[in-house]
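Engineer: Based on what follows, work out the 3D shape:
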Amino acid sequence: MNFLMRLIKEEEGQGMTEYALIIGIVAVFLITALVALRGKIATLFENMQFTSAG
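Structural biologist: Numbers count the residues shown, from 1 in each chain. This next block holds a predicted model:
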């Protein structure tokens with residue numbers, strides 16, 4: 001608990017927290033995009049496989 005309070009009060013802790021939030025938001029965005037575009041991505045890779053196979 002003391003460690004968390006120190007992170008909140010110190011500027012270094014604030015910077016690390018901000019980076020963690022940014023990384024978390026980007027991860028959620030990427031996962032959401034992958035889930036939403038899953039079918040299109042699979043079709044794209046299948047088409048690339050058939051094209052490269054000749």
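Engineer: Determine the longest helix present in this structure.
Structural biologist: In the chain, ranked by residue count with DSSP state H as the criterion, the top helix is helix 11-36.
Engineer: That one - contacts with which helices or strands?
Structural biologist: The elements that helix 11-36 packs onto, with contact taken as 3 or more CB pairs under 8 Å, 6 or more residues apart in numbering; DSSP states H and E, are helix 2-9. All C-beta atoms are positioned from the backbone trio N, CA, C, and that covers glycine.
Engineer: can you pull the buried residues of the helix it packs on?
Structural biologist: By neighbour count with 16 or more other CB atoms under 10 Å, helix 2-9 contains no buried residues.
Engineer: which residues are in contact with it?
Structural biologist: 13-14, 16-17 (CB atoms under 8 Å, 6 or more residues apart in numbering).
Engineer: got CSV for those residues, with distance to residue 39, pLDDT and neighbour count too?
Structural biologist: Shown next, in CSV, are the contacts of helix 2-9 (distance: CB to CB, whole Å; pLDDT from 0 to 100; neighbours: other CB atoms under 10 Å):
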residue, distance to residue 39, pLDDT, neighbour count
13, 42, 70, 15
14, 41, 77, 12
16, 38, 82, 12
17, 36, 84, 12
